[in-house]
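Undergrad: predicted coordinates and the sequence they were generated for:
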Amino acid sequence: MASATVVAPAALTSRDVAAAPPMPDVLPPVKPRRGFLGFLRRNPTIVAGAGLLLVMLAIAIFAPLLFTTDPTALAPARRTREPSAMYWFGTDMLGRDVYSRVLYGTRVSLLVGFSVALLSSVIGLTIGLISGFVRWADSIIMRIMDGMMSIPPILLAIALMALTRGSVQNVIIAITIAEIPRVSRLVRGVVLSLREQPYVDAAVAAGTRTPVIIWRHILPNTLAPITVQATYICASAMIVEAILSFIGAGTPPIIPSWGNIMAEGRALWQVKPYIVFFPAIFLSITVLAVNLLGDGLRDALDPRMAKRL
Amino acid sequence: MTALLEVTELKKHFPIRGGFFGGTTGHVYAVDGISFHIERGETLALVGESGCGKSTVGKAILRLFDITAGQVVLDGKRIDDMTAATLRPLRRRVQVVFQDPFSSLNPRMRVRDILAEPIRNFGLARDARDLEERVAKLMDTVRLPRDAVNRWPHEFSGGQRQRIGIARALAAEPDLIVCDEAVSALDVSVKAQIVNLLQDLQQELGLALLFISHDLAIVEHMTHRVAVMYLGKIVEVAPKRSLFAAPKHPYTEALLSAVPVPMPGAQRERIILRGDVPSPINPPKGCRFHTRCPYVFDRCRTEEPKLAAPRTAMAPGHVAACHLHDRPDSENPLAVAKGEAVIPV
């Protein structure tokens, strides 16, 4: 009796061990990769976004070399051809080569996207810094920004375009003005929180002058959120440009842009959908690329989101 | 010889803004008329619970903002009403070490640049080589390796970062360092290292320290004198031993009773204060502590007590703001010392 009670648990244990699945390896050692390649490896989103964007950039720059013809050359006899070996994306209702037009349209989109992102970041940064540091200017500037933000950006851009002639330059200016309030709000918020950081107080106690404090302690710490915001603005500027061109308030019809091509193909989209389809795909891919880059940068630059094991 | 720092009737009221046009709807009476002094090479601790205005006092001395009323006199020169330009060279003499070692160093500056900033600002180095030499010496002083100056703040632990913060304060060759909860965010062993480092530095360099803390055990270890704050007022100032052995303000007594006894099984009679700290937006009339004081009587509710030396104080320089000391000793529960030092030395 006594021996049975001793043996029973032992037998039970061995059966349990046999039934138990093999132990998985306890956390494999993580080798932190250093340098630029290591950074890319840890941020696949950035790689995907930046890669796609580079492809688009290459298309924009090398459009004349990529088997394109004159995107504005009319050929009424060969209009609305289906995609073929001759016309890869087909031709539109005036016989222009859609492939060439879409490739050249990349230039407008990227130019508008990058210019608006750069301009609105620089201007918004300046306004935000002033607003965050000059108390009396803050209430005035922010009320103006509130006023501008109360108008939807697209409506504001349309209104601004209505005041001027349609040109790529004016499109950039109109969208930039519509985007500035968002950036200045962001920068102001960041500046106000950075001003309260103990290291800023310590710099004041250490006799650092205000302009130097802004340059050395505030500005570098606003760059990360600004960069992320700039990518989102870039994406939204591309879409707004396409919208403006689509409704005829943006890029003049003589310049091929994705919005223009879609606007011209709109009448035929039920019978010849490819005229709208190809520029739309390009727009979506480009915006996706920029947004992926923005998400990746946000995760990589925000130390709170740091991916540590 | 005058004291290094003399603060008289310091007040700092923060306006509360509200409404569409941002008008002032009230004030937070963060610091409401406090006076104290610090001698050269002395450590004064400023203790009190969260929100009592300790840190505001520190920032007022550093002149990180303009004060509402009162005077701050540094070595005979009044600094509270100086213009920014006149004040800048004097800023060298008062430096600061903050509580949070993570937010007190700019994450985008290398240690070398962090330490060089005050040296450059005050023109302390003769040339680039002297600057480099000074930075290296500062690293020695706070017991960090010299070659760490090329690293970024995020590469250091909390205790190491706090050393960098101390080195930055020392870089200006100050006479007074405001330690605003400088060790509160550190774990116990690191805390001990930093406290000992501060004490060593004080001995070597003859620094005065304003040690803002809520940790009475550290305070008893570190300081020469202690000032106790409650709701924007100083309620008691005393040499350390006198305060810890025989507190003369009911609030101090309650604070001391909350210090854990480092002895297994030891018990101490706890004084549990009832209620919360009243809001500094609308502080109580009379003695500010009367809403929570276990010994409260009528006079406390109407008349604000002044800091005065109680007859029963153990040591000279012990002052408390409490009406109890105007009563006969038989009616004063704080008349006699309650035993030896609260924390065994």
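TA: Perfect, I can see it now.

Undergrad: for chain A, what are the nearby residues on chain B?
TA: Chain B has residues B:22, B:59, B:62, B:64, B:88-89, B:91-92, B:94-96, B:98-100, B:103-109, B:117-118, B:121-122, B:154, B:165, B:168-169, B:171-172 near chain A, with proximity defined as C-beta under 8 Å from any C-beta of the partner chain. The C-beta positions use only the backbone N, C-alpha and C, and glycine is treated the same way.

Undergrad: just the buried members of those residues?
TA: The neighbour count (16 or more other C-beta atoms under 10 Å in any protein chain shown) marks B:59, B:62, B:88, B:91-92, B:94-96, B:98-100, B:103-106, B:108-109, B:117-118, B:121-122, B:165, B:168-169, B:171-172 as buried among these.

Undergrad: from these, which land in strands?
TA: Assignment to strands by DSSP state E places the following of these there: B:Val94, B:Gln95, B:Val96.

Undergrad: show me the shaky parts of the chain.
TA: With no chain named, the answer covers chain A. Judged against pLDDT under 70, the low-scoring parts of chain A cover residues A:1-34, A:302-309.

Undergrad: oops, chain B please
TA: Counting by pLDDT under 70, chain B contains low-confidence residues at B:1, B:19-22, B:267, B:337-345.

Undergrad: which residue is nearest the middle of it?
TA: With distances taken as C-alpha atoms, centre = their mean, chain B has B:Ile212 as the residue nearest its mean C-alpha position (2.4 Å).

Undergrad: for the helix or strand in which that residue is found, enumerate the helices and strands it packs against.
TA: For B:Ile212, the enclosing helix or strand under DSSP states H and E is strand B:208-213. If you count contacts as 3 or more C-beta pairs under 8 Å, 6 or more residues apart in numbering or on different chains; DSSP states H and E, strand B:208-213 packs onto strand B:43-47, helix B:54-62, strand B:176-180, helix B:188-205, helix B:216-222.

Undergrad: contacting residues around that strand?
TA: B:4-5, B:38-47, B:54-55, B:57-58, B:61, B:175-184, B:198, B:202, B:219, B:222-223 (C-beta atoms under 8 Å, 6 or more residues apart in numbering or on different chains).

Undergrad: now do stretch A:285-304
TA: For stretch A:285-304, contacts defined as C-beta under 8 Å, 6+ apart pick out A:39, A:42-53, A:56, A:106, A:109-110, A:113, A:224-225, A:227-228, A:231-232, A:234-235, A:238-239, A:305, A:307, B:107, B:154.

Undergrad: let's have the ones in strands among the buried ones among the residues of chain B next to chain A in CSV, adding distance to B:Thr68.
TA: Listed next are those as CSV, based on distance: C-beta to C-beta, whole Å:
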residue, distance to B:Thr68
B:Val94, 20
B:Gln95, 24
B:Val96, 21
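
Undergrad: what is the nearest of these to A:Thr164?
TA: Minimum distance to A:Thr164 across those is 53.9 Å, recorded for B:Val96 (C-beta to C-beta).

Undergrad: so which of the residues of chain B next to chain A are in helices?
TA: B:Lys59, B:Leu62, B:Arg88, B:Pro89, B:Arg91, B:Glu117, B:Pro118, B:Asn121, B:Gly165, B:Arg168, B:Ala169, B:Ala171 (DSSP state H).

Undergrad: and the two most separated of those residues?
TA: With distance counted by C-beta to C-beta, no two of these lie farther apart than B:Pro89 and B:Gly165, which are 22.4 Å apart.

Undergrad: check contacts around A:Pro44.
TA: A:Gly296.

Undergrad: can you check A:Ala157 too?
TA: When the contact criterion is C-beta under 8 Å, 6+ apart, the partners of A:Ala157 are A:Val171, A:Ala174, A:Ile175, A:Ile177, A:Ala178, A:Val240, A:Leu244, A:Ala249.

Undergrad: ok, A:Thr91 next?
TA: Contacts for A:Thr91 (C-beta under 8 Å, 6+ apart) come out as A:Ala75, A:Arg78, A:Arg79, A:Thr80, A:Arg81, A:Asp97, A:Val98.

Undergrad: please redo it, this time with the cut-off set to 6 Å
TA: Going by C-beta atoms under 6 Å, 6 or more residues apart in numbering or on different chains, A:Thr91 touches A:Arg78, A:Arg79, A:Arg81, A:Asp97.

Undergrad: residue numbers of the stretch 151-300 of chain A in contact with chain B?
TA: Selection of the stretch 151-300 of chain A residues close to chain B by C-beta under 6 Å from any C-beta of the partner chain yields A:Gln197, A:Pro198, A:Tyr199, A:Asp201, A:Ala202, A:Val204, A:Ala205, A:Ala206, A:Gly207, A:Thr208, A:His217, A:Pro220.

Undergrad: go with 7 Å
TA: Taking C-beta under 7 Å from any C-beta of the partner chain as the test, the list of the stretch 151-300 of chain A residues beside chain B reads A:197-199, A:201-208, A:217, A:220-221.

Undergrad: format these as a markdown table; extra columns: distance to B:Asn282, secondary structure and neighbour count.
TA: A markdown table is the format used below for these (distance: C-beta to C-beta, whole Å; DSSP: H, G, I helix; E, B strand; the rest coil; neighbours: other C-beta atoms under 10 Å in any protein chain shown):
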| residue | distance to B:Asn282 | secondary structure | neighbour count |
| --- | --- | --- | --- |
| A:Gln197 | 30 | coil | 20 |
| A:Pro198 | 29 | helix | 20 |
| A:Tyr199 | 34 | helix | 26 |
| A:Asp201 | 28 | helix | 20 |
| A:Ala202 | 33 | helix | 26 |
| A:Ala203 | 35 | helix | 25 |
| A:Val204 | 31 | helix | 23 |
| A:Ala205 | 32 | helix | 24 |
| A:Ala206 | 37 | coil | 25 |
| A:Gly207 | 38 | coil | 21 |
| A:Thr208 | 38 | coil | 22 |
| A:His217 | 36 | helix | 22 |
| A:Pro220 | 42 | helix | 14 |
| A:Asn221 | 37 | helix | 19 |
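
Undergrad: re earlier: now, the contacts of stretch A:285-304 that are in helices?
TA: Residues from these lying in helices, with DSSP H as the criterion: A:39, A:42, A:44-53, A:56, A:106, A:109-110, A:113, A:224-225, A:227-228, A:231-232, A:234-235, A:238-239.

Undergrad: among the contacts of strand B:208-213, which ones are buried?
TA: Of all those considered here, the ones buried according to neighbour count by 16+ other C-beta under 10 Å are B:4-5, B:38, B:41-47, B:54-55, B:57-58, B:61, B:175-183, B:198, B:202, B:219, B:222-223.
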